[in-house]
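> test case, fold it:
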Amino acid sequence: MFGALACLSANHAFAQNYPTQPLRIVVPASVGSTLDALARIIGGELQRTWGKQVSVENRPGENGNAGTRYAAMAPADGHTMLMIGTNFAANPILGENAGYDPMLNFAPVSELVSLPTIAVVHPIFPAQNVKTLVEVLTLSPGQFSYASAGYGTSLHLAAEAFKHATKIQMLHVPFKNSKQAEAAVIGGDVQIVLAPLATAMPMIQAGRVRPLAIGAPERHQALLDVPTMAQAGVESYDFTAWVGVAVPANTPAAIVQKLSDHLGKIVHQPKLKQRLGAQYVEIVGSTPQQFTALIQKDQVRWHAIAEEAKRAATKLEQSLQPQTETVEDEMKAPPPPKPEATDAPSTKAPMPPKSGSAAKPKDAAEAEPDAMDDESSEDDAAAGTAAAPKPAPTPSKPAAKKTPPNSSAATPPASAAKSAPAAADSQDSDSSVATKTAAPPKPESAATKPTAAKPTTAQPAATAPATAKPAAPAKTGTTPPSTATPKTVPDTADVPREVLPGKPAQ
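Next up is the predicted model:
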């Protein structure tokens, strides 16, 4: 108990002497942005009030996440402040790897100002009010687009909140900054933008866009003829952009309260209030408790929007599932089988077999030596010498046989053609029968009497080995298939992203 009292006394004494060193305001946005402009106004007033040097440090990147993580690692003594906007609560929910938690890594100090959002369309857009706008977008889902300054910016969040409240669908077209988004609406590239009133007023006054409704509890004094979203029929839309200040977690509560009190006094100064009011900015200056409640309320809102977006994506995926399965089935279906090769005879007419010779085998490689022997036998027959007998081959499909030019073998007469079946039967019954080459005047005797022929003077010459030729080796002419292994590309390992963690609460 005494330890807790001593700690409270030390914090109270430290808060009374605060600040004890120069102050720093971290801006997670570029120079010239709304956060940067307010940081320089607040810094100048704090420097004049406390007499301590105040510097503004811009840390843009990752839609504010880079600068936010940087400020979370600062000492928790109140000398480092962070300018935050609406995306401070939305980024960890709608994005990925924000690297911080709004409630665990920071202590909210004060909401400085709020920026009302107004919905504007291109002048030729058919909708004249929010009711007609919702009807047009409902009848044509996904056919109209809205502009933003990038993912997670106030323009993007305002449009997503409007989609959530009206249950409509619009295409998101992000640009690099708000100036490009506004130019796209003026040029007719996109149809709608929900922008802060401070940036939309110059376009409205120039007649380049048509205002439909303002997202504020009450009508604005500069646009009394423009209704609020609730008056236009969208009562659930209560989005308003805001800008505030936070400090690293575990900063003493007394310092947080002292800083909040001074910031509230600064924004309520008459001169500053008039200056900011001319820019269509509403002065707030809330307490730490009020600002904490606002951030927690925004977290609940963005959680609901994120869940609805997931359900819409799942519903869209399910609606496309049958078509996807059909496409996958078609991709997985095997190709039609190719017609197998058959032994059907060729369309060309087969060549008739040569006279005095048996049919050639099916395999050309096996029949080549026989063809060489037949040619040699025909040459010998022309010279008047007897050829050596050879065993009859197994009957198979007839094959074309070469006939040397100027050969003495003549086409067999009709009687020889008629006796060919008998010769085939004799060859099937007796495999040891030898054929006899007759004299040129009687060629039919070789085909008609293969088995019962009487011994002749040419028979002893059948045993002469001088005319036999060795069989030539078979030539296949085929090439062995390639055994090369196809090259494969190794899988690329995913490189993990390094995320600077936020400072945990103690």
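> CA atoms for contacts and neighbours, from now on please.
Will do.
> show the end-to-end separation of stretch 53-67, please.
21 Å (C-alpha to C-alpha, to the nearest Å).
> pLDDT on it, on average?
The average of the pLDDT scores along stretch 53-67 is 94.
> low-confidence stretches in the stretch 101-250 of the chain?
Within the stretch 101-250 of the chain, not a single segment meets pLDDT under 70.
> what about the helices in it?
The residue ranges that make up the helices of the stretch 101-250 of the chain, judged by DSSP state H, counting those that start in this stretch, are 130-139, 154-166, 178-187, 197-205.
> so which bits of the second one are buried?
Using 16 or more other C-alpha atoms under 10 Å as the burial criterion, the residues of helix 154-166 that qualify are 154-164, 166.
> and which of these is nearest Ala107?
Ala107 has its nearest neighbour among those in Ser154, at 21.8 Å by C-alpha to C-alpha.
> so what's that closest one up against?
When the contact criterion is C-alpha atoms under 8 Å, 6 or more residues apart in numbering, the partners of Ser154 are 86-87, 195, 241.
> rewinding a little: tell me which of the helices of the stretch 101-250 of the chain lies nearest to Met73.
Taking C-alpha to C-alpha, helix 154-166 is the member of the helices of the stretch 101-250 of the chain nearest to Met73, at 25.5 Å.
> burial measure for Gln53, as a count.
Neighbour count for Gln53, taken as other C-alpha atoms under 10 Å: 14.
> was I right about it contacting Pro19?
No - if you go by C-alpha atoms under 8 Å, Gln53 and Pro19 don't touch, sitting 10.2 Å apart.
> make CSV from the helices of the stretch 101-250 of the chain and add distance to Ala306 to it.
Below are these laid out as CSV (distance: least, C-alpha to C-alpha, whole Å):
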stretch, distance to Ala306
helix 130-139, 21
helix 154-166, 10
helix 178-187, 23
helix 197-205, 26
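> of these, which is nearest Gly95?
helix 154-166 (11.9 Å).
> can I get the closest one in PDB, CA atoms only?
What follows is helix 154-166 as a C-alpha-only set of coordinates in PDB (Å, rounded to 0.1, in the frame of the first residue of the first chain):
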ATOM      1  CA  SER A 154     -10.600   8.300 -44.700                       C
ATOM      2  CA  LEU A 155     -12.100   8.400 -48.200                       C
ATOM      3  CA  HIS A 156     -12.000   4.600 -48.400                       C
ATOM      4  CA  LEU A 157     -13.400   4.000 -44.900                       C
ATOM      5  CA  ALA A 158     -16.200   6.500 -45.500                       C
ATOM      6  CA  ALA A 159     -17.300   4.700 -48.600                       C
ATOM      7  CA  GLU A 160     -17.100   1.300 -47.000                       C
ATOM      8  CA  ALA A 161     -19.200   2.500 -44.100                       C
ATOM      9  CA  PHE A 162     -21.800   3.800 -46.600                       C
ATOM     10  CA  LYS A 163     -21.800   0.400 -48.400                       C
ATOM     11  CA  HIS A 164     -22.300  -1.300 -45.000                       C
ATOM     12  CA  ALA A 165     -25.200   1.000 -44.100                       C
ATOM     13  CA  THR A 166     -27.000   0.800 -47.500                       C
END
